[in-house]
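[1] Sequence and predicted structure are below.
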Amino acid sequence: MREIVRTNDPVLISAIEALLNGGGIPHMVLDRNMSVIEGSLGILPRRVLVSDEHESSARRILQDAGLGHELRPDAP
């Protein structure tokens, strides 16, 4: 699994999930329920992960949607 986005913005997470679902890209959002620990402050970022085989497609979908600036750097 590769982390492609890390953000505190729940609206952005929803938009990314909609794009990935629309593209048929399986993904996971980690740390979604951390608000219980942090007291709903929104300080802990949520992470969007995709499998290695879908990473390039997921990145392309987000870039085409104008969200390329939100992508984590490519792994070496």
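    Arrived safely, thanks for sending.

[2] buried set for stretch 22-32?
    Neighbour counts using 16 or more other CB atoms under 10 Å place 23, 25, 27, 29 of stretch 22-32 among the buried residues. Heads up, the C-betas are built off the backbone N, CA and C, glycines and all.

[3] what about the strands in the chain?
    Along the chain, counting by DSSP state E, strands occupy 2-7, 27-30, 46-50.

[4] Would you reformat those as JSON lines and include distance to residue 15 and mean pLDDT?
    Below are those laid out as JSON lines (distance: least, CB to CB, whole Å; pLDDT from 0 to 100):
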{"stretch": "strand 2-7", "distance to residue 15": "10", "mean pLDDT": "95"}
{"stretch": "strand 27-30", "distance to residue 15": "12", "mean pLDDT": "96"}
{"stretch": "strand 46-50", "distance to residue 15": "11", "mean pLDDT": "95"}
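
[5] Residue 57: which of those is closest?
    Among these, the nearest to residue 57 by CB to CB is strand 46-50 (8.2 Å).

[6] ok, back up a step: for residue 70, find the nearest of the strands of the chain.
    Proximity to residue 70 (CB to CB) singles out strand 2-7 among those, at 5.3 Å.

[7] Give me the residues contacting the closest one.
    The contact list for strand 2-7, computed with CB atoms under 8 Å, 6 or more residues apart in numbering, reads 12-13, 16, 45-52, 55, 58-59, 62, 67, 70-72, 75.

[8] Dump the C-alpha coordinates for that strand into CSV.
    Extracted in CSV, the C-alpha atoms of strand 2-7 (Å, rounded to 0.1, in the frame of the first residue of the first chain):
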residue,chain,number,x,y,z
ARG,A,2,1.2,3.5,-0.8
GLU,A,3,0.1,6.7,0.9
ILE,A,4,-0.9,9.2,-1.8
VAL,A,5,-2.6,11.9,0.2
ARG,A,6,-2.3,13.2,3.8
THR,A,7,-4.7,15.9,5.0
